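# Compute the structure for the input listed below.
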Amino acid sequence: MENEKLKNKKERKEEFESKLLDLTRVERMTGGGRRLRFRAVVVVGNRNGKVGVGVAKGLDVVQAIEKATRVAKKNLIEVPIVDGTIPHEVEAKYGAAKILLRPQRKGRGLVAGGTVRIVCDLAGIKDISSKMLGRTKNKLNNAKAAIKALQALKIQNPKS
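Modelled structure (predicted):
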């Protein structure tokens, strides 16, 4: 019985895909010299409407990535997907990053750059057009802006 519960828990965890977005070496000065740590930014999604971004620091690369993945799974959001695209146009700003997401007709594909492409892909959006309007190349801020934009989406009720 307990073994089945563990098996089910593992299966649920495995359904999420994760991609490392950014890995940075960060330093802090102390009296004894520099203290090195690694900061990982990870995007997690199930390609079926759930996606999240996680950021964490660790003493080594593996520890930072594992922590960031755990944080990303805790910060999952639900994305409304209608016919493989988003229901309406949306814009969001996070820090210096500003992102515009537009729905596209079927078969157009993922027209998005870098960070937004990864977030939309892991969310399961097949057809979308996006534009980074902000001036920053900061991957973390761009990812958070994309998540904020996807959070702002509302499903439009069909008129019945």
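# residue ranges for the strands of the chain, please.
Under the criterion DSSP state E, the chain contains strands at 17-30, 33-45, 50-58, 77-78, 90-94, 97-103, 110-111, 128-132.
# quick check: angle from the second one to strand 50-58?
Orientation note: strand 33-45 sits at an angle of 170 degrees relative to strand 50-58 (axes from the mean of the first three to the mean of the last three CA atoms, to 10 degrees).
# so Ala40 sits right up against Ala56, yeah?
Yes: between Ala40 and Ala56 there is a contact under CB atoms under 8 Å: 6.0 Å. Backbone N, C-alpha and C define where each C-beta goes, glycine included.
# Overlap of the contact sets of the two?
Residues within reach of Ala40 and of Ala56 at once, by CB atoms under 8 Å, 6 or more residues apart in numbering, are 64, 67-68.
# Can you give me the domain assignment for this structure?
Under the assignment automatic domain parsing, the domains of the chain span 2-77, 79-151.
# Redo the ones you listed as a markdown table? Include mean neighbour count.
Shown next, in a markdown table, are these (neighbours: other CB atoms under 10 Å):
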| stretch | mean neighbour count |
| --- | --- |
| domain 2-77 | 15 |
| domain 79-151 | 19 |
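# any low-confidence regions in the protein?
Applying pLDDT under 70 to the chain picks out residues 1-14, 156-160.
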